[in-house]
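1. Sequence and predicted model, in that order:
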Amino acid sequence: MNINVDELISNLTSQTQELINTLGTDQPLMIGIYTGGIWIAEHLHASLKLEKPMGILDISFYRDDFSQIGLNPQVKPSKIPLDITDEHIILVDDVLHTGRTVRAALNELFDYGRPASVHLAVLIDRGERELPIDAQVAGKRIDLPPHQHVKLTGPKPLKLEVITAI
Amino acid sequence: MQHFLTTESLSKDQLTNILDTAESFTNVDGGTVKKVPLLRGKTIINLFFEASTRTRTTFELAAKRLSADVLNMNISSSATVKGESLLDTLRNLEAMHVDMFIIRHQDSGAAEFLSRHISPHISVINAGDGRHAHPTQAMLDMYTIRKIKGEFKNLKVAIVGDLLHSRVARSQIHALRTLGAKEIRVIAPRTLLPARIESLGVKAFHNIETGLKNVDVIVMLRLQKERMQGALLPSEHEYFHLFGLTKERVALAAKGAIVMHPGPINRGVEISSEVADSSQSVILKQVSYSIAVRMAIMAMLAGNQS
């Protein structure tokens, strides 16, 4: 099953704009989670004409399965361009599944300071959560059984695929 | 990889993996990333049977940046003085549920000995054993070289000085060969070169002027006076005159060559102050990078990675 990425991105963009309208600022700080989240965040950042530079979060050092699977050697240092204290943050990821990546991202984020608020925007929410975490905006919400996974490849072109684990 | 004992047995992929992981712990300004929770709840013991400043403190900083609990034990002033054997000391520390030992010992093979007698869930890192190996120093040197000079396959490296007593040089030579350095030279008086050192794949020189010609990296070694027995050298003054690194000698190397030293440096013995403090010297960069490299090795062992 292939999903039309452009449609999802345009959904996500308009919903994110609506979300920003409800925040106390028109200039939130956008932060993408490595790697797919960064591709999506770059799209959003450009089309919403955000002025503050985009941040990058690599949560590898904050994962809860480190002692089982070890470290990914391709880890890139996180780049948070400014002091996040009192900022309204929009955290962006490609796929929301168990919620563990977002948990790790929040932990890392709070090591940098105390933001005014954090909202989560994802391209696709596929269900099967293991933590009490939710996305405020999603390009699409579907329910997939546990053995199926959504995979985003990119950055050019961005492609979404549903993979069935054997 | 459960233990990290020597660079000798490791493949090119493994060494490159360590360097890449260290890269991910390095900040843009050459420092390390801020504290990360990777080793939270793990206990690491710095077991030092021999004096050390740089190695012990950078291991300690590295462990703390990974959120581990660190204990420093200087055994020379502790139980072994009261007659406890190495293995008994180890058993007692093991009983405290330690996850990792970082050991420095004056005897070659000490780290390997410990690794063979330790409980299977504990990792051992060799922080220098006798004349045998000092693999984390070699890795931070490789990291410094790659960071500043790039690909190993284009590089000529000269290691200068007391190779006879140097565990650093041995570990460097193995790592440089595995990583594919173009040429490795060793430069020393005959009394300070191990016999048949060419079998390690290096070219030996007894004249520093010839040896340094066109090299890209100069690695100086400390004259290990404390390990010298018998008349290996006429005098320090004579040694500096013949093998000390001076500005004039650095000029013989390739343009932009870097000068390295594992420290502590003996100014006026193996290296002149002028060179040690020059812009070509990366000696303090080596110290800065050592934290990221040691973080990488500890994280990889704790995550049980190849």
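-> Happy to help now that I have it.

2. Torsion angles phi and psi at residue B:185?
-> As for residue B:185, its main-chain torsions (degrees, to the nearest 10) stand at phi -120, psi 150.

3. Also the one 3 residues further on?
-> Phi and psi for residue B:188, reported as degrees, to the nearest 10, are phi -170, psi 160.

4. ok, it touching residue B:163?
-> Yes. With contacts defined as CB atoms under 8 Å, residue B:188 counts as touching residue B:163 at a distance of 5.1 Å. C-beta here means a position set from N, CA and C on the backbone, and glycine is covered the same way.

5. which bits of the stretch 1-150 of chain B sit near chain A?
-> Taking CB under 8 Å from any CB of the partner chain as the contact definition, the stretch 1-150 of chain B meets chain A at B:17, B:20-21, B:24-28, B:33-38.

6. Of those residues, just say which sits nearest to residue A:4.
-> Proximity of the residues of the stretch 1-150 of chain B next to chain A to residue A:4, judged by CB to CB, is greatest for residue B:24, which lies at 34.5 Å.

7. Centre-most residue in chain A?
-> Centrality entry for chain A: nearest residue to the mean C-alpha point is residue A:93, 1.5 Å, by CA atoms, centre = their mean.

8. Which neighbouring elements make contact with the host helix or strand of it?
-> Assigned by DSSP states H and E, residue A:93 belongs to strand A:88-96. Under the contact criterion of 3 or more CB pairs under 8 Å, 6 or more residues apart in numbering or on different chains; DSSP states H and E, the helices and strands touching strand A:88-96 comprise helix A:5-22, strand A:29-33, helix A:36-47, helix A:100-112, strand A:117-125, strand A:148-153.

9. could I get that strand in PDB with only the CA atoms?
-> As requested, the backbone C-alpha atoms of strand A:88-96 are provided in PDB (Å, rounded to 0.1, in the frame of the first residue of the first chain):
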ATOM      1  CA  HIS A  88       6.200  27.500  22.000                       C
ATOM      2  CA  ILE A  89       7.600  24.400  20.400                       C
ATOM      3  CA  ILE A  90       6.200  22.400  17.600                       C
ATOM      4  CA  LEU A  91       7.800  19.000  17.600                       C
ATOM      5  CA  VAL A  92       7.700  17.200  14.200                       C
ATOM      6  CA  ASP A  93       8.100  13.500  13.400                       C
ATOM      7  CA  ASP A  94       7.100  11.400  10.400                       C
ATOM      8  CA  VAL A  95       5.300   8.400  12.000                       C
ATOM      9  CA  LEU A  96       3.700   8.300  15.400                       C
END
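
10. relative to strand A:148-153, how tilted is that strand?
-> 120 degrees (axes from the mean of the first three to the mean of the last three CA atoms, to 10 degrees).

11. State the distance from the closest residue to residue A:3 other than its chain neighbours to residue A:9.
-> Beyond its immediate neighbours in the sequence, the residue positioned closest to residue A:3 (CB to CB, 6 or more residues apart in numbering or on different chains) is residue A:160, lying 4.3 Å away. Distance from residue A:160 to residue A:9, counting by CB to CB, to the nearest Å: 10 Å.

12. Which one of the two is surrounded by more residues?
-> When neighbours are counted by other CB atoms under 10 Å in any protein chain shown, residue A:160 and residue A:9 differ, and residue A:160 comes out ahead with 22 against 18.

13. Where does that one sit: helix, strand or coil?
-> strand (DSSP: H, G, I helix; E, B strand; the rest coil).

14. before we move on, what about residue B:259?
-> With three-state DSSP as the basis, the three-state label of residue B:259 is strand.

15. and it, how many residues sit next to it?
-> The number of residues packed around residue B:259, counting by other CB under 10 Å, is 21.

16. which residues pair with the residue nearest to the centre of chain A across the strands?
-> When bridges are called by DSSP bridges, residue A:93 pairs up with residue A:122.

17. for chain B, which helix is longest?
-> Taking DSSP state H as the criterion, chain B has its longest helix at helix B:283-302.

18. Identify the residues contacting the helix or strand of chain B with the lowest mean pLDDT?
-> For chain B, counting by mean pLDDT, DSSP states H and E, helix B:86-94 ranks last in confidence among helices and strands (a mean of 86). Helix B:86-94 is contacted by residues B:45, B:47, B:73, B:75, B:79-80, B:101, B:105, B:110, B:113-114, B:117-119, B:122 when judged by CB atoms under 8 Å, 6 or more residues apart in numbering or on different chains.

19. Out of those, which two are the most distant from each other?
-> Of all pairs drawn from these, the one with the longest distance (CB to CB) is B:80 and B:119, at 20.9 Å.

20. Now for residue 151, how many residues are close by?
-> All of this refers to chain A. The burial count assigned to residue A:151 is 12, neighbours taken as other CB under 10 Å.

21. sorry, should have said chain B
-> Residue neighbour count, defined by other CB under 10 Å, stands at 12 for residue B:151.

22. likewise residue B:278?
-> By the measure other CB under 10 Å, the count of residues near residue B:278 is 12.

23. Tell me who's in contact with it.
-> For residue B:278, the contacting residues are B:247, B:250, B:259, taking CB under 8 Å, 6+ apart as the criterion.

24. about what we covered before: neighbour count, pLDDT and secondary structure for the residues of the stretch 1-150 of chain B next to chain A - can I get that in JSON lines?
-> Shown next, in JSON lines, are these (neighbours: other CB atoms under 10 Å in any protein chain shown; pLDDT from 0 to 100; DSSP: H, G, I helix; E, B strand; the rest coil):
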{"residue": "B:17", "neighbour count": "19", "pLDDT": "93", "secondary structure": "helix"}
{"residue": "B:20", "neighbour count": "15", "pLDDT": "92", "secondary structure": "helix"}
{"residue": "B:21", "neighbour count": "24", "pLDDT": "91", "secondary structure": "helix"}
{"residue": "B:24", "neighbour count": "21", "pLDDT": "86", "secondary structure": "helix"}
{"residue": "B:25", "neighbour count": "26", "pLDDT": "89", "secondary structure": "helix"}
{"residue": "B:26", "neighbour count": "21", "pLDDT": "87", "secondary structure": "strand"}
{"residue": "B:27", "neighbour count": "12", "pLDDT": "78", "secondary structure": "coil"}
{"residue": "B:28", "neighbour count": "7", "pLDDT": "66", "secondary structure": "coil"}
{"residue": "B:33", "neighbour count": "17", "pLDDT": "78", "secondary structure": "coil"}
{"residue": "B:34", "neighbour count": "13", "pLDDT": "77", "secondary structure": "coil"}
{"residue": "B:35", "neighbour count": "13", "pLDDT": "85", "secondary structure": "coil"}
{"residue": "B:36", "neighbour count": "21", "pLDDT": "89", "secondary structure": "coil"}
{"residue": "B:37", "neighbour count": "18", "pLDDT": "90", "secondary structure": "coil"}
{"residue": "B:38", "neighbour count": "23", "pLDDT": "91", "secondary structure": "coil"}
